[in-house]
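1. Quick one, structure for this:
(one chain, ligands or ions: 1)
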Amino acid sequence: MIQASAVKKINPVAEAEHHHVRFIRDESGLDYIEIDNDLATAKIALQGAHVMSWQPKSQQHPVLWLSSNARYVPGRSIRGGIPICWPWFGAHPTDSTLCPHGFARVMPWQVVDAETLNNGATRIELQMLEPAESKRQLSYPHLLTVTITVGETLRLDLATTNKADHPFMVGEALHTYFHVSDVATIQIKGLEDTLYADKVFNYERRVETHDVQFNGEFDRVYLNTNVDCMIHDAGLNRQIRISKSGSQSTVIWNPWGEKSNQMVDMGKPDEWREMICVETANALENSVVISPGRTHTMSVEYRVESL
Ligand code: BG6
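-> I've put the predicted structure just below:
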């Protein structure tokens, strides 16, 4: 059902023209976009421009992992899907009172454009709004938009424009939670010979020697890498290909059992086993300096391939 209060924020022309898009509001007042086109379904929360789900119609299983007890409340990030971390990644570099991973993932966003592409995919462009809280945390004038294209593949283009008269630096991540059959049996390919900082061992630096495999808590920032990564999942008979540009870091994270059980929103006791985060990022020394008037875009495209 389309509720008038939700529609008010939306370009009415776009809303009328794009029949695959539906706007809904839940009881806590959060707004969502549901997309159901010929190629795929997806759901996006306007808080955080947060993609919660995406499933191509050709696929039997969801591609993204969404915690069964994720919280849907104003000001809290949803556990699962694709949180947008911006304008810093991890802890704030100088002020530990500020929220890890920045504020974009809990800010209100608005739809500025929507269209159906010739190939049947739906393209939605959202822009972050700037309440006083975000201005307190980042005083420089800026514009942050994300364009989300939902089809047989899912693509996100996160664009930061510097509207100040001096350069500024951002750290960022599309912090994607993928659904997998069992984290202990998958491999991630593409990162051999890549330098990483291991957050489990106090950011110790090492070089990856093999396909990435998992047997305990895992939290690594792979650096200076722009290559495709593949999540090879024999249990689901599929591989998820992650192709990116404008990104020099790839972050891989699974908190494993003990830490997951201490988190209030990681779902049922063993739900963490069905998830791996592979994040397209610019983190640590790969943070990006943007000159006045310039736009930096970080993009990623996900594609499911059969094994
Ligand atoms: C990852 C970090 O990107 O996000 C981890 O590398 C962190 O250190 C994880 O624990 C989850 O962060 P949050 O703030 O969403 O709980």
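
2. quick one, strands of the stretch 201-307 of the chain?
-> 204-207, 218-222, 229-233, 238-245, 249-254, 275-282, 288-290, 295-306 (DSSP state E, counting those that start in this stretch).

3. mind giving me CSV with those and columns for mean neighbour count?
-> For every residue, glycine as well, the C-beta is placed using N, CA and C. What follows is the strands of the stretch 201-307 of the chain, written out as CSV (neighbours: other CB atoms under 10 Å):
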stretch, mean neighbour count
strand 204-207, 11
strand 218-222, 22
strand 229-233, 22
strand 238-245, 19
strand 249-254, 23
strand 275-282, 24
strand 288-290, 15
strand 295-306, 17
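
4. What distance do you get for whatever residue of the stretch 1-150 of the chain ends up closest to the ligand to Glu152?
-> At 4.5 Å from the ligand, Pro100 is the closest residue in the stretch 1-150 of the chain, using CB to the nearest ligand atom. Distance of Pro100 to Glu152, given as CB to CB, to the nearest Å: 34 Å.

5. who's more crowded, these two?
-> When Pro100 and Glu152 are compared for neighbours, Glu152 comes out ahead with 16 against 12, by other CB atoms under 10 Å.

6. what kind of secondary structure is that one in?
-> Assigned by DSSP: H, G, I helix; E, B strand; the rest coil, the conformation of Glu152 is coil.

7. which residues touch it?
-> Residues in contact with Glu152, defined by CB atoms under 8 Å, 6 or more residues apart in numbering, are Leu39, Ala40, Pro56, Ser58, Asn119, Ala121, Arg303.

8. filter those residues to the buried ones?
-> Leu39, Ala40, Pro56, Ala121, Arg303 (16 or more other CB atoms under 10 Å).

9. okay, now the nearest residue to Asp219 once chain neighbours are set aside: neighbour count?
-> What sits nearest to Asp219 in space, not counting adjacent residues and going by CB to CB, 6 or more residues apart in numbering, is Lys199, at 4.0 Å. Other residues near Lys199 come to 16 when the count uses other CB under 10 Å.

10. Secondary structure element holding Lys135?
-> helix 132-137 (DSSP states H and E).

11. Please list the outside residues in contact with that helix.
-> Leu98, Gly102, Phe103, Met107, Met128.

12. thinking again about what came up before, and what about the residue of the stretch 1-150 of the chain closest to the ligand, helix, strand or coil?
-> Per three-state DSSP, Pro100 ends up coil.

13. So which bits of the stretch 201-307 of the chain are right by the ligand?
-> Residues of the stretch 201-307 of the chain lying close to the ligand (CB under 6 Å from any ligand atom) are Asp219, Val251, Trp253, Glu279.
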